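Engineer: Here is my input; please provide its structure:
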Amino acid sequence: MSLDYYYLNQLKKNNPAWRLLQADHAPLIASFLHKAFIQTNERILAQSQLVSILDDVLFQLKNEDGSALFSKSAISYLDDWSQNNKGWLWKFYPQGSDEPHYDLTPATEKALVWLENLAEKNFVGTESRLLIVFELLRQIAHGVETDVEVRIAELEKKKRDIDKEIQSLRLGDLAVMDDAALKDRFFQVQSTARELLSDFRTVEHNFRVLDRDVREQIASWDGSKGQLLQQIFGERDAISDSAQGRSFRAFWDFLMSPASQDELSALLQQVTQLESLAEFTRDTRLQRIHFDWLEAGEYTQRTVAKLSQQLRRFLDDQAYLENKRIIQILDRINLHALQVKSHPPKEDFMNLDEASPALHVPMGRPLFTPPTKIKLQTHMYTDELDNIVPETLYNQMVVDKEELMAQIKRARGLSPQISLAHVIQMYPLEHGLAELITYLSIAANDKHAVFDEEVKEVISWFDEQGIVRQASLPRIIFTRT
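Structural biologist: Next up is the predicted model:
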């Protein structure tokens, strides 16, 4: 991206991060927001909590400086910082709460991160980042390689390196990472973990912007509703299927894995207990960063779901208004018809081609199907008839469906509600699984039968050999008609 003059001039006018750095009270705003949200890894804070923190900050500054530079109240500052012309805080009302809540905007977080990076660092690590670059390049090259032999050769090389390392360990050659390498990698972990947490705000902000744009489209749309819905869902699918959306889903699926959570917790605990990193691990935020990821991710998922529900209600309201308009037009037509009822027009006042439209869909016409010619073989093979046992034809099992329905009816007369298990307890199965399936068929076609998927029942019966058979199925309840 080119940083030309016109782009930067527009950015200076409209970007909240730039406005924050130019603000008269930028040190107060940045230090307070960093203390309230960044240092504690907080996502959402109620107004009462944020006012209490800001009151403490203002009180401390007045005592130290002895000046009345900050004369407004804490709540006035918060209202001012959440205005559209500032854009440093996002003020909203959560569902079921009448107290406003606040969260950082992505632009504000970028400004705070930039200010953090201005501080001089005692240690600047480069090795870990260089290794990350090499590893990512290897993954890209290996991931797009289509030659099987090349992939096998690469894996064989890794195998030889692993075998060589194992052999060195067996010989007592143990290479331990020095303190400089430890610090380098630890700072890289800290930085990446913080960046991941801030990405959740950006993803959530993108969905809120999409939702706002969709509402504006709905309010100003003059085309068909089908085209509107196609465009809306097309944009949502485009975000979900974008590289950012797929990457977020992959990250979330990996983080939600219990094995990944256990491994991450164990690694964080092991690393933060190293003596070489003791001076950097006093801050316990890194030890619970994965829980902050989960909390932020869950909040983002809930926000997306809530936006979808709100959009659905918004569309329903639009449909209700359209239907109301149609009903008003029909009412006026009825009123005009009643007014001319006693004095109908003597001449024709409307011409109708037909009383109702006749639809002839071209694709509704079936294609020609040639008649099937059946070829019959008249030759009869009598040799195989000797092995057929005729008694099999007369021993077929027939389940009397009418009798089963009568049994259900008699059982219903004993109780307002009765389950299939109780019916079978009163009238045991005589034909085993076939009779049970017939009961299920009767229940499926009975509008007064209820299937409870939450509760399972076990039905038992004896087969022809006297062996107990069992079937587990959802509870079926027959009610009186």
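
Engineer: gap between the longest helix seen in the chain and the chain center?
Structural biologist: Ranked by residue count, the top helix of the chain under DSSP state H comes out as helix 289-339. In this view, helix 289-339 has its centroid 20 Å away from the chain centroid, taken as C-alpha atoms, centre = their mean, to the nearest Å.

Engineer: One more: stretch 56-72?
Structural biologist: In terms of C-alpha atoms, centre = their mean, the centre of stretch 56-72 is set 45 Å apart from its chain centre.

Engineer: What residues sit buried inside that stretch?
Structural biologist: Val57, Leu58, Leu61, Phe70 (16 or more other C-beta atoms under 10 Å). Glycine gets a C-beta too; all of them are placed from N, C-alpha and C.

Engineer: For the last one, give me the backbone phi and psi.
Structural biologist: With angles defined as degrees, to the nearest 10, Phe70 sits at phi -110, psi 90.

Engineer: excluding its backbone neighbours, what's nearest it?
Structural biologist: Taking C-beta to C-beta, 6 or more residues apart in numbering as the measure, Phe70 lies nearest to Leu58, with 5.4 Å between them; neighbours along the chain are not counted.

Engineer: From the contact counts, what lies against the helix or strand that contains that neighbour?
Structural biologist: Secondary structure from DSSP states H and E places Leu58 in helix 47-65. Using 3 or more C-beta pairs under 8 Å, 6 or more residues apart in numbering; DSSP states H and E as the contact criterion, the secondary-structure elements in contact with helix 47-65 are helix 26-33, helix 74-81, strand 101-104.

Engineer: Report the angle between it and helix 26-33.
Structural biologist: For helix 47-65 and helix 26-33, the angle between their directions (axes from the mean of the first three to the mean of the last three C-alpha atoms, to 10 degrees) works out to 130 degrees.

Engineer: How is this protein divided into domains?
Structural biologist: The chain breaks down into these structural domains: 5-118, 196-337, 396-479 (assignment by automatic domain parsing).

Engineer: Dump the ones you listed to JSON lines, plus mean pLDDT and distance to Phe187.
Structural biologist: Formatted as JSON lines, the entries for these read as follows, by pLDDT from 0 to 100; distance: least, C-beta to C-beta, whole Å:
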{"stretch": "domain 5-118", "mean pLDDT": "88", "distance to Phe187": "12"}
{"stretch": "domain 196-337", "mean pLDDT": "73", "distance to Phe187": "8"}
{"stretch": "domain 396-479", "mean pLDDT": "87", "distance to Phe187": "52"}
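
Engineer: now the spatially most central residue of the chain: how far from Ala46?
Structural biologist: Note on the chain: the residue nearest the mean C-alpha position is Gln301, at 5.3 Å, using C-alpha atoms, centre = their mean. Counting by C-beta to C-beta, to the nearest Å, the gap between Gln301 and Ala46 amounts to 21 Å.

Engineer: who's in contact with the closest residue to His25 other than its chain neighbours?
Structural biologist: With C-beta to C-beta, 6+ apart as the measure, Phe70 is the residue that lies nearest to His25, at 7.1 Å, once sequence neighbours are left out. With contact taken as C-beta atoms under 8 Å, 6 or more residues apart in numbering, Phe70 is in contact with His25, Leu28, Leu58, Leu61, Lys62, Tyr77.

Engineer: From Tyr77, how far off is Phe70?
Structural biologist: As defined by C-beta to C-beta, Phe70 lies at a distance of 8 Å from Tyr77.

Engineer: Just the C-alpha atoms of stretch 204-219, please, in PDB.
Structural biologist: The C-alpha atoms that make up stretch 204-219 are tabulated as PDB, following Å, rounded to 0.1, in the frame of the first residue of the first chain:
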ATOM      1  CA  GLU A 204     -16.300  -8.500  15.500                       C
ATOM      2  CA  HIS A 205     -16.000  -4.900  14.200                       C
ATOM      3  CA  ASN A 206     -16.100  -6.200  10.600                       C
ATOM      4  CA  PHE A 207     -19.300  -8.100  11.300                       C
ATOM      5  CA  ARG A 208     -20.900  -5.100  12.900                       C
ATOM      6  CA  VAL A 209     -20.000  -3.000   9.900                       C
ATOM      7  CA  LEU A 210     -21.500  -5.600   7.600                       C
ATOM      8  CA  ASP A 211     -24.700  -5.700   9.600                       C
ATOM      9  CA  ARG A 212     -25.000  -1.900   9.500                       C
ATOM     10  CA  ASP A 213     -24.500  -1.900   5.700                       C
ATOM     11  CA  VAL A 214     -27.100  -4.600   5.300                       C
ATOM     12  CA  ARG A 215     -29.600  -2.600   7.300                       C
ATOM     13  CA  GLU A 216     -29.000   0.400   5.100                       C
ATOM     14  CA  GLN A 217     -29.500  -1.700   2.000                       C
ATOM     15  CA  ILE A 218     -32.800  -3.000   3.300                       C
ATOM     16  CA  ALA A 219     -34.000   0.500   4.200                       C
END
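
Engineer: related to what we said a few turns ago, nearest to Ser460 among the buried residues of stretch 56-72?
Structural biologist: Of all the buried residues of stretch 56-72, the one with the least separation from Ser460 (C-beta to C-beta) is Val57, at 71.6 Å.

Engineer: Distance of the closest one relative to Gln39?
Structural biologist: As judged by C-beta to C-beta, Val57 and Gln39 stand 13 Å apart.

Engineer: Give me the buried positions along the host helix or strand of Ala259.
Structural biologist: For Ala259, the element it lies in under DSSP H and E is helix 258-272. The neighbour-count check on helix 258-272 (16+ other C-beta under 10 Å) flags Gln261, Leu264, Leu268, Val271, Thr272 as buried.

Engineer: Pick the one among the residues you listed closest to Ala319.
Structural biologist: For these, the minimum distance to Ala319 (C-beta to C-beta) is 43.4 Å, reached by Gln261.

Engineer: dump the residue contacts of the residue nearest to the closest one when sequence neighbours are not counted.
Structural biologist: If the residues on either side of it in the chain are set aside, Gln261 comes closest to His290, at 6.5 Å by C-beta to C-beta, 6+ apart. Taking C-beta under 8 Å, 6+ apart as the definition of contact, the neighbours of His290 are Leu255, Gln261, Leu264, Ser265, Leu268.

Engineer: export those residues to a markdown table and tack on distance to Arg480?
Structural biologist: Supplementary listing: the contacts of His290 in a markdown table, determined by distance: C-beta to C-beta, whole Å:
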| residue | distance to Arg480 |
| --- | --- |
| Leu255 | 52 |
| Gln261 | 51 |
| Leu264 | 57 |
| Ser265 | 56 |
| Leu268 | 61 |
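
Engineer: Go through the residues you listed and name the one nearest Asp147.
Structural biologist: Of all the contacts of His290, the one sitting nearest Asp147 is Leu255; the distance, using C-beta to C-beta, is 33.7 Å.

Engineer: The one helix or strand Tyr6 maps to - contacts with which helices or strands?
Structural biologist: Tyr6 is part of helix 5-14 when elements are defined by DSSP H and E. Helices and strands touching helix 5-14, by 3+ C-beta pairs under 8 Å, 6+ apart, are helix 16-22.

Engineer: Can you give me the buried ones in the helix it packs on?
Structural biologist: Along helix 16-22, these residues count as buried under the neighbour rule (16+ other C-beta under 10 Å): Pro16, Ala17, Arg19, Leu20.

Engineer: Now do the buried residues in stretch 315-333.
Structural biologist: Going through stretch 315-333 with 16+ other C-beta under 10 Å, the ones that come out buried are Leu315.
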